[in-house]
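Peer 1: Coordinates only, no sequence provided:
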């Protein structure tokens, strides 16, 4: 039984943690919240310098060719620090989509630049206030051109290129295809949108005859998205448990310094049990994340269920820790000057980023039913 | 990351399996069980199996060799248990004695105690029970009132214990009693080994809300115990009891019973709003939630096993298990009854879906959330021991026990 990360992976985790503690404390996150910069460029540059953007990219495309486990430990630390960087868009989504569905030419064109941090990529899916699906996606890809509007694209105003889920006119699930578009070329209008978490920039992107390329086979877009999202769900779940743990310790620390009615508030069971529940949810999520990491690394047969379990439990752990951290703080926790807001905002952002727990729970049960029938 | 055995672990597993093949029948499915027997016969069967294990070198694997254990590691113990669970073997009667009581004797007993008591316990010749809880001291065990007074070389015990599993068939017990009411409550306790057949010990079964009787009340009337049966010094009883309680939290495992798979199979057979219940969003959400919890607990155990396999002390993550599984047991039972329509109130092994497993665990869950540490005590433990939060303010901490309100 060896259900743990290796010493090398723990070492990598430690060095990412150090870098982020150094360059990206919550004061740095606050600067992004209060200022105009769409992301913390210096933090991003530090990560690129460490080489973590190329962790999982095969060596032939300029990456380090390491497994998924290395990426998981990096993700946990990014979550812990609530880093305002486009890592998930560029690495879990754009990079993974290229590896899953890109043509050789597309891989050669983008992956080495992603690895070196020269470009930032993203994944554009949503179009309105509803879950994206073959029934709702209308952005059209036709004759090498994209037309329509994608909304709430993560890091849409930062990214150099986007993988776009587009309608190519097939029937049912085969209506959709993945395409790749250079956001710096013509026919693209980008407008930053106001979201619940300004420390991670989002944009609405309108395509008007924007030149784009098909990725992989036409009609496979929905299936490929599902594959990409399974791996992204596991990586993002590591970000979520990193954030949940940070919020839990913030609540614990405050409970050990604040007095009410002549006692530390941390001596009241109402507070102790709340923080104990944060820990229970966190450990359940962590264990599901570990299994997800193992399935992702081994391309295991249980990957789809493991991804859903990691995502559902990590979403719940972060939701509870971030929300109840404010409650433990009381009034001060609801002020702009308090740092509680960073985890609160980020927890909900990540909870919706790949589709909500409602979608994932339904998807999980469908997968369990399929396995049961088989 | 992998779930594989190390070479040494694989060898031990093969050895255990080979021995089990020779001495027990392999289950045909995971639900296979030995036929139920009356208490006397079941006890006889369990003792026989325990003796066989002791002779084969698979009983009390982690205990020291000099007292009849195997001097093995925790991971050996886990590997053997994993393998044994695939065979039709009796169990149950020794969990508390070998899991909690005799380890306390090993930790606190004299050489004479260990030589006298450990080997017969390993062989299943003598069975042990734990006598801690009282009507006046449940979560607050140290508030107990059963007293022992010194009389020459003996102590005279009077009082009452409660929730004692197996008291009616046990040979020995460890009992914690108040020997000094003039000092604060934790300081006036002492632990003894007690012969359950002593004069003045009376065991009465408790009828639980569920209708079953798994526990007893034990009454002590002028029960005489020699001073040589004392574990630790007079006044050290609380420290000794903590050794037992630490072992309890390792011994009380998952709640068992129906889980998401059973719920899913019920959902396929039931109707809700004129459709299969499994197509109802509320049902799907619950199945997903409980699947995620079950998987989370399973892989938490794997993390614990990993630490054991590496010879490390497991982290605090194992402390979450009971608090999650007990609530799941009760809530899942309740929800599954909701799926059975108005007939869900019927609790009948013959006619209720899946042998009334859902009704049973809805009822039993109410007890499981209390047994071996309530939900609330377990949360205190996580907050205090794992997260370093302060203990509750204890108004009785520095007052002599006999001055406390009753």
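Peer 2: It's in. What you are looking at is a predicted structure, and each value in this text was computed from that prediction instead of being measured.
Peer 1: what number of residues lie near the residue of the stretch 51-200 of chain A found nearest chain B?
Peer 2: Evaluated by Cβ to the nearest Cβ, the stretch 51-200 of chain A has residue A:69 as its residue closest to chain B, separated by 6.7 Å. C-beta: built from backbone N, CA, C; applies to glycine. Residue neighbour count, defined by other Cβ atoms under 10 Å in any protein chain shown, stands at 22 for residue A:69.
Peer 1: What ranges in the chain fall below the confidence cut-off?
Peer 2: All of this is about chain A. A:374 (pLDDT under 70).
Peer 1: meant chain B, my bad for not saying
Peer 2: B:248-256.
Peer 1: what distance separates the host helix or strand of the residue of the stretch 51-200 of chain A closest to chain B from the centre of its chain?
Peer 2: Using DSSP states H and E, residue A:69 sits within helix A:68-81. Relative to its chain's centre, helix A:68-81 lies at 11 Å (Cα atoms, centre = their mean, to the nearest Å).
Peer 1: roughly how far out does the helix or strand following that helix sit from the chain middle?
Peer 2: Later in the chain than helix A:68-81, the nearest helix or strand by DSSP H and E is helix A:87. In terms of Cα atoms, centre = their mean, the centre of helix A:87 is found 8 Å from the chain centre.
Peer 1: Need the residues that contact helix A:87.
Peer 2: A:44, A:47, A:53, A:74, A:75, A:78 (Cβ atoms under 8 Å, 6 or more residues apart in numbering or on different chains).
Peer 1: can you pull out the strands in the stretch 1-150 of chain B?
Peer 2: Ranges of strands within the stretch 1-150 of chain B are B:25-26, B:87-88, B:128-131, B:147-151, based on DSSP state E, counting those that start in this stretch.
Peer 1: so is residue B:217 in a helix, a strand, or just coil?
Peer 2: strand (DSSP: H, G, I helix; E, B strand; the rest coil).
Peer 1: That one: what's it in contact with?
Peer 2: Here residue B:217 is in contact with B:160, B:161, B:162, B:164, B:203, B:204, B:205, B:206 (Cβ under 8 Å, 6+ apart).
Peer 1: Would you list the phi and psi of the fifth one?
Peer 2: When read as degrees, to the nearest 10, the backbone of residue B:203 gives phi -110, psi 130.
Peer 1: That one: neighbouring residues, count only.
Peer 2: 17.
Peer 1: ok, now the second one?
Peer 2: By the other Cβ under 10 Å criterion, the neighbourhood of residue B:161 contains 27 residues.
Peer 1: Let me know the angle separating the host helix or strand of it from strand B:147-151.
Peer 2: Element membership for residue B:161, per DSSP H and E: strand B:154-165. Strand B:154-165 runs at 160 degrees relative to strand B:147-151, counting by axes from the mean of the first three to the mean of the last three Cα atoms, to 10 degrees.
Peer 1: Next up, the contacts around residue A:185.
Peer 2: Residue A:185 neighbours (Cβ under 8 Å, 6+ apart): A:210, A:211.
Peer 1: rerun that using 10 Å as the cut-off
Peer 2: Residues in contact with residue A:185 (Cβ atoms under 10 Å, 6 or more residues apart in numbering or on different chains) are A:161, A:210, A:211, A:212.
Peer 1: Specify the local secondary structure of the third one.
Peer 2: Look at residue A:211: counting by three-state DSSP, its state is strand.
Peer 1: quick one: stretch A:316-332 to chain centroid distance?
Peer 2: Going by Cα atoms, centre = their mean, where stretch A:316-332 is centred and where its chain is centred differ by 21 Å.
Peer 1: is chain B contacted by that stretch?
Peer 2: Yes - against chain B, stretch A:316-332 shows contacts by Cβ under 10 Å from any Cβ of the partner chain at A:316, A:317.
Peer 1: Check which residues of that stretch are buried.
Peer 2: A:316-326, A:328-329 (16 or more other Cβ atoms under 10 Å in any protein chain shown).
Peer 1: surely residue B:132 meets residue B:164?
Peer 2: Yes - Residue B:132 is in contact with residue B:164 according to Cβ atoms under 10 Å; the separation is 8.5 Å.
Peer 1: Find the residues that touch each one of the two.
Peer 2: B:173, B:175.
Peer 1: and the contacts of residue A:185, which are buried?
Peer 2: Of the contacts of residue A:185, these count as buried by 16+ other Cβ under 10 Å: A:161, A:210, A:212.
Peer 1: can the residues you listed go into a markdown table with extra columns for distance to chain B?
Peer 2: Shown next, in a markdown table, are the buried ones among the contacts of residue A:185 (distance: Cβ to the nearest Cβ, whole Å):
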| residue | distance to chain B |
| --- | --- |
| A:161 | 33 |
| A:210 | 38 |
| A:212 | 36 |
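Peer 1: between the residues you listed, which is nearest residue B:188?
Peer 2: Nearest to residue B:188 out of the buried ones among the contacts of residue A:185 is residue A:161 (Cβ to Cβ; 74.7 Å).
Peer 1: Cross-check the contact I'm expecting between that closest one and residue A:113.
Peer 2: Yes - the pair residue A:161 / residue A:113 is scored as a contact, 9.2 Å apart, by Cβ under 10 Å.
Peer 1: hey, what's in contact with both of these two?
Peer 2: With Cβ under 10 Å, 6+ apart, residue A:161 and residue A:113 have common neighbours A:119, A:120, A:121.
Peer 1: Considering those, which possesses the most neighbours?
Peer 2: The residue in these with the most neighbours, by other Cβ under 10 Å, is residue A:121 (27 neighbours).
Peer 1: Let me see the backbone angles for it.
Peer 2: Backbone torsions of residue A:121, given as degrees, to the nearest 10, read phi -110, psi 170.
Peer 1: likewise the one 10 residues further on?
Peer 2: When quoted as degrees, to the nearest 10, the phi and psi of residue A:131 stand at phi -70, psi 130.
Peer 1: again with the one 5 residues further on
Peer 2: Comment: the main-chain dihedrals of residue A:136 come out as phi -110, psi -20, following degrees, to the nearest 10.
Peer 1: for the one 5 residues further on, same thing?
Peer 2: Main-chain torsions, residue A:141, degrees, to the nearest 10: phi -110, psi 120.
Peer 1: Same question for the residue nearest to it when sequence neighbours are not counted, what's its three-state structure.
Peer 2: In this structure, residue A:141 finds its nearest non-sequential neighbour in residue A:166, 3.8 Å apart by Cβ to Cβ, 6 or more residues apart in numbering or on different chains. Under the three-state scheme (three-state DSSP), residue A:166 adopts strand.
Peer 1: quick one: contacts for residue 151?
Peer 2: Went with chain A since none was named. A:124-129, A:132, A:191, A:193, A:202-206.
Peer 1: think we crossed wires, I meant chain B
Peer 2: Residue B:151 touches B:222, B:224, B:227, counting by Cβ under 10 Å, 6+ apart.
Peer 1: And those residues, which of them are buried?
Peer 2: Using 16+ other Cβ under 10 Å, no member of these is buried.
Peer 1: Which of those residues sits closest to residue B:90?
Peer 2: Of the contacts of residue B:151, the one sitting nearest to residue B:90 (Cβ to Cβ) turns out to be residue B:224, at 34.8 Å.
Peer 1: Tell me how far residue B:351 lies from residue B:359.
Peer 2: Remark: distance between residue B:351 and residue B:359 (Cβ to Cβ, to the nearest Å) = 11 Å.
Peer 1: Would you mind pointing out the helix or strand the residue of the stretch 101-250 of chain A found nearest chain B falls in?
Peer 2: For the stretch 101-250 of chain A and chain B, the shortest gap (Cβ to the nearest Cβ) falls at residue A:248, measuring 8.0 Å. Using DSSP H and E, residue A:248 falls within helix A:221-255.
Peer 1: Can you name the element that comes right after that helix?
Peer 2: Counting by DSSP H and E, what follows helix A:221-255 is strand A:259-260.
Peer 1: What strands line up against that next one, and which way round?
Peer 2: strand A:263-264 (antiparallel) (DSSP bridges).
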